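Visitor: compute the structure for the input listed below.
(one chain, ligands or ions: 1)
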Amino acid sequence: MKAVRKAVIPAAGLGTRVLPATKAMPKEMLPLVDKPAIQYLVEEAVASGITDILIILGRNKGIIEDHFDRNPELEAALAKPGKEKILEQCLGISSMANIFFIRQKQTLGLGHAVLMGKAFTGDDPFVVMYGDDVIGSDDPVAGQLIRAYTQYGRPAVGVNQVPWADVSRYCSLKTTPIENNCYFVDDMIEKPKKGQEFSNYSILGRVLLTPEIYTILENTKPGANNEIQLTDAMAEYARTRGGMTAVDFVGTHYDMGNKLCVAEANVELALKHPEIGADFRAWLKEYSKKL
Ligand code: UTP
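Guide: Coordinates of the predicted model:
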């Protein structure tokens, strides 16, 4: 079995649910305290042993490339006593991993975006990290999927139980327990209507796939929202190619495509922030008295 060293981050979507913030700025660049969302994903990938990352971009997404590039003018300005730490952080961003970019010329759906990674991933297994899903965890979720893939030999999806009322916004998986937090999956459905749900286990932003998915994706017709859905291709895989493994991952999921979640994520991460955490906690306690 090949080691998993590659990740694909689709980040070409239009982000219509977080407009107007995303009119000119990608939602993947929305800041969580002092880092853009996509940096959390790259850090998670690196902490999971990933060395090569392909980011799928669309028009108006060039600032993502800039973020992972060197910035000599800024670096020169920061090369001063007292600025060593921030200079080191800025330099670190551009050397975390081998990062590649490609454009999805039309936003035809997440499944179509993943197809853009075919030449990059070649014969290798790869993790797909949905560009607007930040997951905080001491045990990086991509790494949890890699362990499940190594153990059970099947592609793996990261799931959590979501409130039943929300399943229709996500997808629903047909699961049979294997052991601990792992389940065998032999079917799934994207954005199920009431009564179509298999369970309230939904995929939340991380999947580990093998190259067989591409043949299926190439023949996947537009599904929910008239988009080529990755879930539809994974459902076909699960039904016809020996199933997948669902990992009920340990981690806190933040959906950057949802205004309420973005606000909650900023509060939670500010409370944990080493520089401002204590002051923010004190302020929040005072502020909450006014609520
Ligand atoms: P979403 O469906 O949440 O993104 O896709 P969206 O289309 O931007 O959402 P709306 O407009 O707010 O409803 C999940 C991830 O897949 C990427 C998005 O950028 C996001 O990170 N994506 C989606 C693509 O790269 N290409 C697509 O065609 C669709």
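Visitor: surely Leu217 and Leu110 touch.
Guide: No - with contact defined as CB atoms under 8 Å, Leu217 does not count as touching Leu110 (10.1 Å). All C-beta atoms are positioned from the backbone trio N, CA, C, and that covers glycine.
Visitor: what do those two both touch?
Guide: 228, 230 (CB atoms under 8 Å, 6 or more residues apart in numbering).
Visitor: identify the residue spatially nearest to Asp123, adjacent ones excluded.
Guide: Leaving aside its chain neighbours, Asp123 sits nearest to Pro211 (5.8 Å; criterion: CB to CB, 6 or more residues apart in numbering).
Visitor: measure that neighbour to the ligand for me?
Guide: Distance from Pro211 to the ligand, counting by CB to the nearest ligand atom, to the nearest Å: 19 Å.
Visitor: just give me the neighbour total for that residue.
Guide: A count of nearby residues for Pro211, using other CB atoms under 10 Å, gives 14.
Visitor: the closest residue to the ligand within the chain: neighbour count?
Guide: Closest to the ligand within the chain is Gly13: 2.3 Å, counting by CB to the nearest ligand atom. For Gly13, the neighbour count with other CB under 10 Å is 24.
Visitor: does it count as helix, strand or coil?
Guide: Taken by DSSP: H, G, I helix; E, B strand; the rest coil, the conformation at Gly13 corresponds to coil.
Visitor: state the mean pLDDT of the lengthiest helix in the chain.
Guide: As assigned by DSSP state H, the longest helix anywhere in the chain is helix 259-272. Confidence for helix 259-272, expressed as mean pLDDT, is 96.
Visitor: right, and the helix or strand after that helix?
Guide: Going down the chain from helix 259-272, the next helix or strand is helix 277-288, by DSSP states H and E.
Visitor: that next one versus helix 259-272: what angle between them?
Guide: Counting by axes from the mean of the first three to the mean of the last three CA atoms, to 10 degrees, helix 277-288 lies at 130 degrees to helix 259-272.
Visitor: packing partners of helix 277-288?
Guide: Contacts defined by 3 or more CB pairs under 8 Å, 6 or more residues apart in numbering; DSSP states H and E place helix 277-288 against helix 259-272.
Visitor: ok, which stretches of the stretch 101-250 of the chain are strands?
Guide: 126-129, 133-136, 156-161, 171-179, 182-190, 201-209, 244-248 (DSSP state E, counting those that start in this stretch).
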